[in-house]
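Enquirer: here is my input, please return the structure:
(2 chains)
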2 protein chains.
Amino acid sequence: MHDISLNRDVMVIHKALAAKNRKLFDDNKVFAVNIMGAVGSGKTALIELLCDKMKEVKIGVIAGDVISEVDAKRLRKKKKPVVGINTGKECHLDAHLVDHALEKLPLAGLDFLFIENVGNLICPVDFELGSHLNVVVVSVSEGDDTIEKHPAIFLTADAALINKIDIAKAVDANVDKMVADAKKINPGLQVIPVSIKKDVGVDDFIRWLKDARGKN
Amino acid sequence: MHDISLNRDVMVIHKALAAKNRKLFDDNKVFAVNIMGAVGSGKTALIELLCDKMKEVKIGVIAGDVISEVDAKRLRKKKKPVVGINTGKECHLDAHLVDHALEKLPLAGLDFLFIENVGNLICPVDFELGSHLNVVVVSVSEGDDTIEKHPAIFLTADAALINKIDIAKAVDANVDKMVADAKKINPGLQVIPVSIKKDVGVDDFIRWLKDARGKN
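Expert: Next up is the predicted model:
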């Protein structure tokens, strides 16, 4: 992101908007989860699988993307309320964009709101959305040095899913190194190796997610 | 990137700095190639392989990264002049950062300069570095909808390498779709499917690269 732009006033406004969103979530008893990660890490696939597996709760989705409606279209097939946000050239969602998307969602009827951020490991870090949790999805095919190369996003996250462990060998990635790197950066981080495609480890994530909601 | 920051003056300064870099490249008969792509797409691996395969030319490298020296360290093993740039929180290189890196490189003795941009498919688009060519590396493991989701970077690029075609089947990616998407966005784009790991298709890229240098 471009520091020249982010003067104090802008960030204060962003924080206030994030707090406004959080209040709206809490007033409506919706647990909001900001899902971040690079292009192709598996964010959309994760939300698709959560829609399939968490039948007992009501889910809504905000799907952020630079310019296309590809992810929003994929997610609408799950028959849940989905609002797509196009950021234009912005490499992250912000609280203001989420605020507008919320106007189009039936919040009062939801238990969970999954917010798919724009595919990026750098930009979303500084922009709180008002979510209760921040989750990063990182895939082994990004290289097993990806976590140590992007400490900031793992430092601000509550959980990290290390995805595509089923192809770790094929892409020469060391999952244990990735787990250790994440824990070193943020000892409080919940780190869960998963294969979203093969539905491995995702139940552990769902358990953690429901537990976190219960504590809220 | 954040539009609020990029006022006209800033962009004019950037363009002037890019032109200054280009003049420096031309004065020193160095052909500069800006290599962009998402995290884990294979930018560093590509430059490593080019160093191994292009023995008959003199290569220098600028390795951009947010915070770490991981890529620069990898590339230094190739015994070429390598300068690492850390952008801090910025999600792209800019002409000013490259300008500073150039001070540390023996430009007069180089034929090619490979500039590895920060891992990102969004931010580098608007920041000319002064390079002769812009190349995007995109891997099949990012999902075969990645190109259609990020048209801007493919529109400004001269070539696109579609990498990791050896694992296309394992990650359910349709390489033909990716080629077609890239060509649809930018009919003049040189699109080359490759496996950098298996050294497939990279000779085609090297041929194109040398040809482009000859025409310069």
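Enquirer: now do A:Val66 against B:Leu121, distance only.
Expert: Counting by C-beta to C-beta, to the nearest Å, the gap between A:Val66 and B:Leu121 amounts to 8 Å. Glycine gets a C-beta too; all of them are placed from N, C-alpha and C.
Enquirer: equivalent analysis for A:Asp111, please.
Expert: Distance of A:Asp111 to B:Leu121, computed by C-beta to C-beta: 33 Å.
Enquirer: which one's more surrounded, the two?
Expert: The neighbour comparison of A:Asp111 against B:Leu121 (other C-beta atoms under 10 Å in any protein chain shown) goes to B:Leu121, with 30 against 16.
Enquirer: for that one, what are phi and psi?
Expert: Main-chain torsions, B:Leu121, degrees, to the nearest 10: phi -100, psi 0.
Enquirer: isn't it up against B:Lys43?
Expert: No: counting by C-beta atoms under 8 Å, B:Lys43 is not a contact partner of B:Leu121; they are 11.5 Å apart.
Enquirer: give the residues shared as contacts by those two.
Expert: Counting by C-beta atoms under 8 Å, 6 or more residues apart in numbering or on different chains, the shared contacts of B:Leu121 and B:Lys43 are B:Met36, B:Gly37.
Enquirer: give me the below-cutoff pLDDT ranges for chain A.
Expert: When the per-residue scores of chain A are filtered using pLDDT under 70, the ranges that remain are A:1-8.
Enquirer: helix, strand, or coil at the most centrally placed residue in chain A?
Expert: For chain A, A:Ile35 is the residue whose C-alpha lies nearest the centre (C-alpha atoms, centre = their mean; 0.3 Å). Put simply, A:Ile35 is strand when judged by DSSP: H, G, I helix; E, B strand; the rest coil.
Enquirer: next, count neighbours for A:Phe25.
Expert: Here the count is done by other C-beta under 10 Å, and A:Phe25 has 21 residues near it.
Enquirer: OK, contacts around it?
Expert: Contacts of A:Phe25 were listed using C-beta under 8 Å, 6+ apart, and they are A:Phe31, A:Ala32, A:Leu107, A:Leu113, A:Gly130, A:Ser131, A:His132.
Enquirer: which residues do A:Val66 and B:Leu121 both contact?
Expert: Common contacts of A:Val66 and B:Leu121 (C-beta under 8 Å, 6+ apart): B:His150.
Enquirer: for chain A, longest helix please?
Expert: Counting residues, the longest helix found in chain A (DSSP state H) is helix A:8-27.
Enquirer: list the buried ones in that helix?
Expert: Buried residues in helix A:8-27, counting neighbours by 16 or more other C-beta atoms under 10 Å in any protein chain shown, are found at A:His14, A:Leu17, A:Ala18, A:Lys20, A:Asn21, A:Arg22, A:Leu24, A:Phe25.
Enquirer: find the nearest non-adjacent residue to A:Cys108, please.
Expert: I think there's a mix-up here, since residue A:108 is Ala and not Cys. The spatial neighbour of A:Ala108 that comes closest, neighbours along the chain excluded (C-beta to C-beta, 6 or more residues apart in numbering or on different chains), is A:Asn28 at 5.1 Å.
Enquirer: distance of the one you found from A:Phe112?
Expert: Computed with C-beta to C-beta, the distance linking A:Asn28 and A:Phe112 is 12 Å.
Enquirer: more neighbours, these two?
Expert: The residue with more neighbours, out of A:Asn28 and A:Phe112, is A:Phe112; 21 against 17, by other C-beta under 10 Å.
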